[in-house]
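Trainee: fold the stuff below for me.
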Amino acid sequence: MISLVLLMLFLFIEAQIVNGYSVTKCRSPPSVEDIKGITRYRARVAYDGSGFKGFQLQPRRRTVQGDLEVVLMQRFQQPVRVVGAGRTDSGVHARGQAIHFDLEAGAIKSKEELRAVEYSINRMLQKDVRIYDLQEAPVVTKLFDGEEKLIQWSAMYDSTEKLYVYRISAEKSIYPLERHNRIVLHWADTNIALLKKVLKHFEGYHDFRKLDFSNLQTVFVI
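Mentor: Model (predicted):
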């Protein structure tokens, strides 16, 4: 019973990913000097994941990344690749997931135009996804092979904190407006006290290096 409950906890997640600045050690990306003529922008994206097959681009499926890229390409008339701070599964919602994308230099000429661009992008997107806090991404200092290097800020590597909220209901029925925001335990014999005891094992700091299948090695691993 408990194993099944823990498996179902991951079906409905509300994620908030917070931007930050970290020092990482990974394969050396292009430096600022290597990508002249390109300006990087960052933003947060919020979405109701009910109609999406997750964040990451998938062929013939609606995804958050896919919707964003289509609108950005229409708006700027150039290919645009959106990079997210992380991937989410089908049905997962987000309040503030960090993203970045690159545009040809001069595509946005001022902060006033930046606000207008954010407004127009949201008008072009469907109602279940929005971006906010659109801004030019900063240049950050990172360590590669013992040497500091100036590179563009990355939503993937420079997000230092991710907050996940799991919502569970043990009621016999659920309010219709909440049906997409929590998982419902339909078992009549659900042991809430035992479930709370098991969930205590998730509290605190944990080392998830064994779940990292990339070549990225962070200096600080939680």
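Trainee: give me the phi and psi angles of the residue nearest to the spatial centre of the chain.
Mentor: Geometric centre of the chain, nearest residue: Q97, 3.7 Å, by C-alpha atoms, centre = their mean. With angles defined as degrees, to the nearest 10, Q97 sits at phi -70, psi 130.
Trainee: check what pLDDT it gets.
Mentor: On pLDDT, Q97 comes in at 93.
Trainee: I'd guessed it sits against A85; true?
Mentor: Yes - the pair Q97 / A85 is scored as a contact, 5.9 Å apart, by C-beta atoms under 8 Å. Yep, even glycine has a C-beta here, placed from its N, CA and C like the rest.
Trainee: contacting residues for Q65?
Mentor: With contact set as C-beta atoms under 8 Å, 6 or more residues apart in numbering, Q65 has these partners: F55, Q56, L57, V82, G84.
Trainee: how about the third one, secondary structure?
Mentor: The one in question is L57. coil (DSSP: H, G, I helix; E, B strand; the rest coil).
Trainee: quick check: closest non-adjacent residue to it.
Mentor: Among residues not flanking L57 along the chain, Q65 sits closest, at 4.6 Å (C-beta to C-beta, 6 or more residues apart in numbering).
Trainee: that neighbour and V80, how far apart?
Mentor: 11 Å (C-beta to C-beta, to the nearest Å).
Trainee: same check, this time on V70
Mentor: 9 Å.
Trainee: I99 now?
Mentor: Going from I99 to V80 by C-beta to C-beta gives 11 Å.
Trainee: got the confidence number for H100?
Mentor: At H100, the pLDDT value in this model is 95.
Trainee: host element of it?
Mentor: strand 93-104 (DSSP states H and E).
Trainee: figure out how far the host helix or strand of the residue nearest to L57 is from the centre of its chain.
Mentor: Here Q65 sits within helix 64-76, counting by DSSP H and E. With C-alpha atoms, centre = their mean, to the nearest Å as the basis, helix 64-76 stands 16 Å off its chain's centre.
Trainee: now the angle from that helix to strand 93-104?
Mentor: 40 degrees (axes from the mean of the first three to the mean of the last three C-alpha atoms, to 10 degrees).
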